[in-house]
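Asks: Predicted structure and sequence below. I'll ask about it afterward.
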Amino acid sequence: MSRRDAYLQKLEAQLDQWSAQLDQWEARARNSQADSKIAVERRLGELRERQEAAQAKLRELRSSSGEAWETLKDGAENVFADMRESVERAVAQIR
């Protein structure tokens, strides 16, 4: 497996993990009190938007090659770091 393939698999696995975590929070939100539910749903909406951006960046990476790959890889790392920070903040607020 190439270094590129390993990197793409790592990003995909991270997206899968975040998706599962967001699904769990969404299920909890459905069972929450009304005011709490609204706050959680708003946060989940923000996280889903970031998740979609990360998935789009992953698709870009998959279809790139050469110099474009390196440039897009840097951008992907920024998008994934943003998503990671957002999830960490959400975890702190939800708990």
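Replies: Nice, thanks for sending it over.
Asks: Only C-alpha atoms, please: export stretch 56-72 in PDB.
Replies: Output of stretch 56-72 as PDB, limited to C-alpha atoms (Å, rounded to 0.1, in the frame of the first residue of the first chain):
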ATOM      1  CA  ALA A  56     -15.400  17.000   0.000                       C
ATOM      2  CA  LYS A  57     -11.700  17.600   0.600                       C
ATOM      3  CA  LEU A  58     -11.200  13.800   0.800                       C
ATOM      4  CA  ARG A  59     -12.800  13.400  -2.600                       C
ATOM      5  CA  GLU A  60     -10.600  16.100  -4.000                       C
ATOM      6  CA  LEU A  61      -7.500  14.300  -2.600                       C
ATOM      7  CA  ARG A  62      -8.600  11.000  -4.000                       C
ATOM      8  CA  SER A  63      -8.800  12.500  -7.500                       C
ATOM      9  CA  SER A  64      -5.600  14.500  -7.400                       C
ATOM     10  CA  SER A  65      -2.000  13.500  -8.300                       C
ATOM     11  CA  GLY A  66       1.500  14.900  -8.300                       C
ATOM     12  CA  GLU A  67       1.900  18.500  -7.100                       C
ATOM     13  CA  ALA A  68      -1.800  19.000  -6.700                       C
ATOM     14  CA  TRP A  69      -1.800  16.100  -4.200                       C
ATOM     15  CA  GLU A  70       0.700  17.800  -2.000                       C
ATOM     16  CA  THR A  71      -1.100  21.100  -2.100                       C
ATOM     17  CA  LEU A  72      -4.500  19.500  -1.400                       C
END
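Asks: What lies in contact with it?
Replies: By Cβ atoms under 8 Å, 6 or more residues apart in numbering, the residues outside stretch 56-72 that reach it are 4, 8, 11-12, 15, 73, 75-76, 79-80. (Glycine included, C-beta is placed from N, CA and C.)
Asks: What segments of this protein are helices?
Replies: For the chain, applying DSSP state H gives helices covering 3-30, 34-62, 66-94.
Asks: what's the angle from the first one to helix 66-94?
Replies: In this case it means helix 3-30. Relative orientation of helix 3-30 versus helix 66-94 (axes from the mean of the first three to the mean of the last three Cα atoms, to 10 degrees): 30 degrees.
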